[in-house]
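Colleague: sequence and predicted structure are below.
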Amino acid sequence: MDRDSNILEQMSFDERDVLDIVPNGTTATYRKYKMPVAGRLSRISWSAIFGAVAGESIALRLFWVRPQSSPSGFGYIQLNDTYTISEGSLSGAGDDVDFSDKIRSGIIVTPGDYLAASWVHSGPQGLRPLNMNWNFTPVESVDTIIDASFITTNYAEVFG
């Protein structure tokens with residue numbers, strides 16, 4: 001990767017966090033994709049100070065959201081296989097837990113689109129605070145964009 005690609009990847013850094021207790025149910029934050037070029041998700045991780053307790057689970061998902069103004073219309077697609085935090089998932093207070101192995105391959109996000117960082121929390125609320133981070137790597141070709149798998153219904157599954 002050349003210097004400009006490294007800089008773009010660093011600039012693509014984004015996050016979702018809560019200052020205290022992770023809210024119950026499905027919640028999401030909506031963010032504009034930061035890079036001026038097409039990119040693929042290259043890193044995704046989470047961290048917390050206090051780990052999950054017995055019976056608690058938090059599912060982490062990152063979605064690519066295509067706006068209605070797109071020639072193809074509104075839709076969203078999950079960029080990673082769901083990663084679920086449970087008791088024992090945190091190796092130590094403040095540790096960064098990388099789950100980049102859950103990134104789905106072949107999905108290229110394009111400029112002007114959005115991302116939705118979606119969490120599904122159930123059980124007690126022991127884990128706190130929660131921070132989820134991600135980066136994108138620029139790609140030269142957008143020939144591999146996956147379009148057929150966009151979902152246009154069941155918004156509550158992503159946004160709550």
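Modeller: The structure has been received and is ready for your questions.

Colleague: burial check on Asp81, number of neighbours?
Modeller: Residues contacting Asp81 under the criterion other Cβ atoms under 10 Å number 11. Bear in mind the C-beta positions are built from the backbone N, C-alpha and C, glycine included.

Colleague: could you find the closest non-adjacent residue to it?
Modeller: Lys102 (4.4 Å; Cβ to Cβ, 6 or more residues apart in numbering).

Colleague: quick one: the strands in the protein?
Modeller: In the chain, the strands defined using DSSP state E lie at 14-18, 25-32, 39-50, 57-66, 75-78, 83-85, 96-98, 114-122, 128-138.

Colleague: point to the residue nearest the middle of this structure.
Modeller: For the chain, the residue nearest the mean C-alpha position is Leu62 (2.6 Å; Cα atoms, centre = their mean).

Colleague: relative to Phe50, how far out is the residue nearest to Asp81?
Modeller: Separation of Lys102 from Phe50 (Cβ to Cβ, to the nearest Å): 23 Å.

Colleague: can you check Arg66 too?
Modeller: Counting by Cβ to Cβ - Arg66 and Phe50 are separated by 36 Å.

Colleague: and these two? Which one has more around it.
Modeller: Using other Cβ under 10 Å, the more surrounded residue of Arg66 and Phe50 is Arg66, with 21 against 14.

Colleague: how close does the closest residue to that one other than its chain neighbours sit to Arg61?
Modeller: Distance criterion Cβ to Cβ, 6+ apart; nearest residue to Arg66, sequence neighbours excluded, is Gly75 at 4.8 Å. Relative to Arg61, Gly75 is positioned 15 Å away (Cβ to Cβ).
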